[in-house]
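Enquirer: structure for the following, please:
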Amino acid sequence: MTKSANRDEAASRRAALTSRLIAEKLDSFLITSPVNVRYLTGFTGSNGLLWLTPTSARLFTDPRYTTQAAAECSAAISIVRKGPLLNEAAARLKRAKPRKLGFEKSHLSYESYAKLIEELPKSTELVPLDGWVEEARRVKSASEIERIQESVVTNSLAFDRALRKVRPKMTESELAAEIDYQQRKLGAEGTAFSTIVAAGDHSALPHARPRAEAIGLNRLLLLDMGAQQHGYMSDMTRTVVVGKATRRMRQLYQAVLEAQLEAIDAIRPGVLCAEIDRRARITLKRHGLDKQFIHSTGHGLGLEIHESPRLGRTETLRLAPGMVITIEPGVYLPGEGGIRIEDTVLVTESGCDVLTPTPKDLLVI
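Expert: Below you'll find the model as predicted:
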């Protein structure tokens, strides 16, 4: 995607948000989440604030990003040469005297909130806004889907390459480092989250941290990994067996695979997120394993690894075309081990496309 196209897309997103500002009778919106600033401006730096009004958009950043901001951002730019960005933003807001100023209640610190209260005129009402930008981010554009797909492919290639290096004496930490290295080598900016590598009974911990312990033989090996590429995330889990797979391992694996395929089969526009979760749990219940499934079935991803929607028991949001979600049922048996199978999936107009190319048959290495 060209710089010009990136700028146009960011401007289009701001225009949509501006329409909501007008509808809600807000004359200013201060965006402080770095991810949301990036989504609305294209600015990829680590320090930025965005002040949005119905007629203007201004990015505040520091001198480190003077050249970068000019290249990436289509909004007006203020380079703050001394002190916190919020001080300069507050000073400009004070002069503008907005009647109703919206702010991201989940992303503005209390200290920053107090600073705004102190600096702004008494006539300015501060309005906490909940997830306005995050709601817009749920449905991905064609360019976002393309970038997620690139990240997914990079992640799967890194998995293939790292798996060739696996040996029983290799430690979990060494394999995690190999996965991270392969992702970087293939073009990722980094990992989407801390890579999970867990062997044997350690795999019964859904978010196990890699240890300096050998993978060993005749054991389950759970790998949960994601790449960040062009700012966008991917997420995949595969569980393999190093050595020989027991009948029990194969039975557990088949149950989780059936649950994952049932959940994927239910994905289509208009379906409740809770229904996707229910389908996975019903399948595991048939195998007597529903009590061992201790997390939600999936989540959205994009510029962040965990985004809306969440696919859990009580979620009332309905799926829509353009959402990108994970499907990741798992079972965890303390003292024995855990199995999880996860793909990145795109909701389409008529159903879904599984973006993850890595096969899901039980792999024994």
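Enquirer: so what touches the lowest-mean-pLDDT helix or strand in the chain?
Expert: Using mean pLDDT, DSSP states H and E, the weakest-scoring helix or strand in the chain turns out to be helix 3-23, at a mean of 89. When contacts are defined by C-beta atoms under 8 Å, 6 or more residues apart in numbering, helix 3-23 is touched by residues 1, 27, 29, 39-42, 52-54, 57, 71-75, 102, 132-133, 136, 141, 143. (Each C-beta comes from the backbone N, C-alpha and C, glycine too.)
Enquirer: so where does Phe103 fall, helix or strand?
Expert: strand 100-104 (DSSP states H and E).
Enquirer: for that strand, buried residues please.
Expert: Leu101, Gly102, Phe103, Glu104 (16 or more other C-beta atoms under 10 Å).
Enquirer: so what's the first one bridging to?
Expert: As for beta bridges, Leu101 partners with Ser28, Leu126 under DSSP bridges.
Enquirer: which residues are in contact with it?
Expert: Residues in contact with Leu101 (C-beta under 8 Å, 6+ apart) are Leu26, Asp27, Ser28, Phe29, Leu30, Leu93, Leu116, Leu120, Thr124, Glu125, Leu126, Val127.
Enquirer: Leu317 now?
Expert: Residues in contact with Leu317 (C-beta under 8 Å, 6+ apart) are Leu272, Cys273, Ser308, Pro309, Arg310.
Enquirer: for those, name the two members farthest from one another.
Expert: Using C-beta to C-beta, the contacts of Leu317 span at most 14.0 Å, a distance reached by Leu272 and Ser308.
Enquirer: next, count neighbours for the nearest residue to Ala57 once chain neighbours are set aside.
Expert: Distances taken as C-beta to C-beta, 6 or more residues apart in numbering place Ala75 nearest to Ala57, at 3.9 Å, with adjacent residues excluded. The tally of other residues near Ala75 (other C-beta atoms under 10 Å) stands at 22.
Enquirer: i'd like the first residue to be 448 from this point on
Expert: Right, with 448 as the first residue, what we last looked at is Ala522.
Enquirer: is it true that Ala522 touches Leu506?
Expert: Yes: assessed by C-beta atoms under 8 Å, Ala522 is found in contact with Leu506 at 4.8 Å.
Enquirer: shared neighbours, those two?
Expert: Common neighbours of Ala522 and Leu506, using C-beta under 8 Å, 6+ apart, are Thr488, Leu497.
Enquirer: could you verify that His746 is part of a helix?
Expert: No: under DSSP: H, G, I helix; E, B strand; the rest coil, His746 falls outside any helix and is assigned strand.
Enquirer: contact partners for it?
Expert: Applying C-beta under 8 Å, 6+ apart to His746 gives the contacts His753, Glu754, Pro756, Arg757, Leu758, Ile772, Thr773.
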